[in-house]
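Enquirer: Model the structure of this input:
(one chain, ligands or ions: 2)
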Amino acid sequence: MLMSIKFYNTLSRCKEEFSPIEEGKVGMYTCGPTVYDYAHIGNFRAYVFEDLLRRYLKYRGYQVYQVMNLTDVDDKTIAGAKREGIPLGEFTQRYIDAFFEDLDTLNIERAEVYPRATEHIGDMVNLVKRLIESGYAYEAKGSYYFRVSQFKDYGKLSHMKLRGLRVGARVSSDEYEKDEASDFALWKAWDPEDGDVFWDTDLGKGRPGWHIECSSMSMKYLGKHFDIHTGGVDNIFPHHENEIAQSEGATGVRFVNYWLHCEHLIVEGRKMSKSLGNYYTLRDILAKGYDPRAIRHLLLSTHYRQKLNFTFDGLEASQEAVERLRDFVANLKRLTGEGEMDVVERLTSRAREEFRQALDDDLNISEGWGALFRLVREVNKLISQGKMGGREGEIVLKVVRDFDRVLGVLREEEEEEIGKEELELIRKRDKARKEGNWELADRIREELLQRGITLEDRPEGTTYKVRRK
Ligand code: AMP
Ligand code: ZN
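Expert: Ligands and ions are numbered 1, 2, ... in the order given. All right, here's what the predicted structure looks like:
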């Protein structure tokens, strides 16, 4: 019997069986970047986790519709544009472009829509108006706030008590005239600091708060009730708690069924963040010569609900893992002759089963990698025993490629750049070696090296690596 997927739901604090609202389809909202700077690899841990979720749901046959917002107006973006003396749109576009480049570098699949806050102001205003009508929002000095004490379920996601919130109130930097410290801004009246960044709307001259942005854009593209909402654990409170209050306050129906949050990427025990200054952007790490797929592997190596400690040793280990996998694939492609099909079929079906079971269990990625690398070890053993032929190689290759639809660390398209002519040279050299024609063999090796192809002679045959710049 095919078991279903289980996810840990922050709302219930339990692993729950995943059952979508509409059969075979998943609607998911993932909080996106504030585009005032290059994202750091801590942020990318969150985006890679969401990519894993997306890819695995697709692997399991779901049709996924993913929405990721771009926060292109807030205190930081406004301050950045002002500092450089350029329009807000020009400033944020630079980081939006960089963000998409980085997504491609990390082989993160594109979401279906990337709505920008500045292009949805009307939707946000309408949502605030509904909240005013239903008694959840009030005005003070031109700004609008959500009255938290009015929303009975406030705290259900973060499991916090309102009473506690009032005492230890988290007072934001752009504080206005709120009734209660825990009330939060839906709409911020224009402030001279904002310069020419404002919208003239039914709510007056101002700009939206951050939380309303995600409520209104998620519901616009996914409906008032949808399947999955994700983010990093720092988003649970207040951001997602506030999203629930705004959305459910306005519609009266349950907003999201499953809330998934990933733990932080940490450096020496502390969250990687801009404010602590302990961060690397993706570009910093690429500049040190690391392979983007190794970075992806590292970000994917630990279960998403565990903290991931970033170290360069860890990155080296990921680099090795990714190379081992690529060498394995290259070896599989070169297999010829007859092998032991029944043995291979047994191994591959077990690997598929293990992989699925692991990921079905709240995306247990470390077990998933385990299933893959166990297969690699076992097949390598078969290769050395001469039990792997061309057909067996294809079967294993198919499994590895299927897993990689989820993992995304192979780069076969790029590795295929080894041409027919070069493959022919490798074969010719093999033949020369077998015939003891060392001079010819060495000449060919040299020629291939010139083309960026390194050969390695092993007992089970010759392998190659392509290192073209
Ligand atoms: P921000 O641009 O700060 O709103 O963050 C964008 C996304 O990255 C959010 O989902 C955050 O929860 C997530 N995030 C920020 N820092 C980290 C970190 N060190 N580790 C994992 N996720 C993070
Ligand atoms: Zn959000």
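Enquirer: Tell me the spacing between the residue of the stretch 1-150 of the chain found nearest ligand 1 and Lys156.
Expert: Proximity to ligand 1, evaluated over the stretch 1-150 of the chain using Cβ to the nearest ligand atom, is greatest for Gly42 at 2.6 Å. In short, each C-beta sits where N, CA and C put it, glycine included. Distance, Gly42 to Lys156, using Cβ to Cβ, to the nearest Å: 27 Å.
Enquirer: now swap in Lys25 and tell me
Expert: Counting by Cβ to Cβ, the gap from Lys25 to Lys156 is 26 Å.
Enquirer: Distance from the strand or helix carrying the residue of the stretch 1-150 of the chain closest to ligand 1 to the middle of the chain?
Expert: Using DSSP states H and E, Gly42 falls within helix 41-59. Between the centre of helix 41-59 and the centre of its chain there are 3 Å (Cα atoms, centre = their mean, to the nearest Å).
Enquirer: after that helix, next one along is what?
Expert: Where DSSP H and E defines the elements, the next helix or strand beyond helix 41-59 is strand 63-68.
Enquirer: for this protein, what helix or strand is lowest in average pLDDT?
Expert: Using mean pLDDT, DSSP states H and E, helix 162-167 stands out as the lowest-scoring helix or strand of the chain, at a mean of 52.
Enquirer: still on that earlier bit, which of Gly42 and Lys156 has more neighbours?
Expert: Using other Cβ atoms under 10 Å, the more surrounded residue of Gly42 and Lys156 is Gly42, with 23 against 15.
Enquirer: low pLDDT regions in the stretch 51-200 of the chain?
Expert: Residues of the stretch 51-200 of the chain meeting the criterion pLDDT under 70: 162-177.
Enquirer: got the contact list for the closest residue to ligand 1 within the stretch 151-300 of the chain?
Expert: Using Cβ to the nearest ligand atom, Gly232 is the residue of the stretch 151-300 of the chain that sits closest to ligand 1, at 2.1 Å. By Cβ atoms under 8 Å, 6 or more residues apart in numbering, the residues touching Gly232 are Arg45, Ala46, His261, Cys262, Glu263, His264.
Enquirer: now could you export just the CA positions of stretch 399-419 as CSV?
Expert: Only the C-alpha atoms of stretch 399-419 are listed here, as CSV (Å, rounded to 0.1, in the frame of the first residue of the first chain):
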residue,chain,number,x,y,z
VAL,A,399,17.0,5.7,-10.4
VAL,A,400,19.8,8.2,-9.7
ARG,A,401,18.2,10.6,-12.2
ASP,A,402,14.8,10.2,-10.6
PHE,A,403,16.2,11.0,-7.1
ASP,A,404,18.0,13.9,-8.6
ARG,A,405,14.6,15.4,-9.7
VAL,A,406,14.3,15.9,-5.9
LEU,A,407,17.9,16.6,-4.9
GLY,A,408,19.1,18.6,-7.9
VAL,A,409,22.8,18.2,-7.5
LEU,A,410,23.8,16.4,-10.7
ARG,A,411,24.6,18.6,-13.6
GLU,A,412,24.4,16.1,-16.4
GLU,A,413,23.5,18.6,-19.1
GLU,A,414,26.7,20.4,-18.5
GLU,A,415,28.8,17.3,-18.2
GLU,A,416,27.5,15.9,-21.4
GLU,A,417,29.8,18.4,-23.0
ILE,A,418,32.3,15.6,-23.5
GLY,A,419,32.0,15.1,-27.2
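Enquirer: mind listing the strands for the stretch 151-300 of the chain?
Expert: Using DSSP state E, counting those that start in this stretch, the strands of the stretch 151-300 of the chain run over residues 184-189, 199-201, 204-208, 226-232, 256-262, 265-267, 270-271.
Enquirer: and the first one, what does it pack onto?
Expert: Looking back up the chat, that one is strand 184-189. The helices and strands touching strand 184-189, judged by 3 or more Cβ pairs under 8 Å, 6 or more residues apart in numbering; DSSP states H and E, are helix 121-133, strand 143-146, strand 204-208, helix 210-222.
Enquirer: does any part of the last one sit near ligand 1?
Expert: No: in this structure, helix 210-222 remains apart from ligand 1 according to Cβ under 6 Å from any ligand atom; the gap is never smaller than 8.5 Å.
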